[in-house]
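what shape does this take:
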Amino acid sequence: LNTRTDSREMNDAMNVAVRLDLPDHAAKLAARVLTTPGITSAMRGRAVNNFANYGSKKHLSLLDKAANETGVVLTIVKSPALPTYEVQLRDVVLGLSIALTDQKLTDYGFSDRYATVSGYETQQYSHTRYYFEDDAARTKALAKWAEWRKANP
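Residues are numbered from 1 along each chain as shown. Next comes the predicted model:
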């Protein structure tokens, strides 16, 4: 499974690892898919979900190579009359890292697009749900995460 290098093959291998209940392989492949440039949004979305489901603290370092990637993964549009928010790859990596270390994303300044919608309180991390309202919030969150990582290697 880990020998796949083509994005489509890595995605297929990740899906096989999930179906065969190989959580460590699923997490490693999800990290590879997530951090590979040029991945389609559908593949990236499945990789985020699989990493959230099968990843653990021991897998966090697999995301490090994308921790500074500013490429936009998606744009959150809450309403046509309201501002839009870009979610960068580094935001996704940070969100996954925070969630897998049992911390709250809101403590890091993430805004939750479903904060006022009933039924979404118990959902796990989703890159289509959390965003930063501005670069200042993102910068502050990244600095806080760097401090946490330093204190919790």
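
please, where are all the strands along this protein?
Secondary structure of the chain by DSSP state E: the strands cover 72-77, 84-88, 111-112, 130-131.

what residue lies at the spatial centre of this protein?
The centre of the chain sits closest to Val92, judged by CA atoms, centre = their mean, with a distance of 3.2 Å.

give the other helices and strands that the top helix by length along the chain contacts.
Longest among the helix segments of the chain by residue count, using DSSP state H, is helix 135-151. Under the contact criterion of 3 or more CB pairs under 8 Å, 6 or more residues apart in numbering; DSSP states H and E, helix 135-151 touches helix 89-100. For the C-beta atoms, the positions are set from N, CA and C on the backbone; glycine is no exception.

any idea of the angle the helix it packs on forms with strand 84-88?
80 degrees (axes from the mean of the first three to the mean of the last three CA atoms, to 10 degrees).

okay, now Leu62: neighbour count?
Per other CB atoms under 10 Å, the neighbour tally for Leu62 reads 19.

could we number from 46 for the rest of this?
All right, first residue 46 from here; so that's Leu107.

for Tyr99, see how far away the closest residue in space to it that isn't next to it in sequence is.
The shortest distance from Leu107 to any non-neighbouring residue, by CB to CB, 6 or more residues apart in numbering, is to Ala76 (3.6 Å). Distance of Ala76 to Tyr99, computed by CB to CB, to the nearest Å: 10 Å.

so between those two, which is more surrounded?
With neighbours defined as other CB under 10 Å, Ala76 and Tyr99 compare such that Ala76 has more, 26 against 22.

wait, what's in contact with the more buried one?
Counting by CB atoms under 8 Å, 6 or more residues apart in numbering, Ala76 makes contact with 92, 96, 100, 104, 107-108.

most neighbours, which of these?
Counting by other CB under 10 Å, top hit in these: Phe96 with 32 neighbours.

what's the burial count for the residue lying closest to that residue once chain neighbours are set aside?
For Phe96, ignoring the flanking residues on the chain, the nearest one in space by CB to CB, 6+ apart is Ala75 at 3.9 Å. By the measure other CB under 10 Å, the count of residues near Ala75 is 30.
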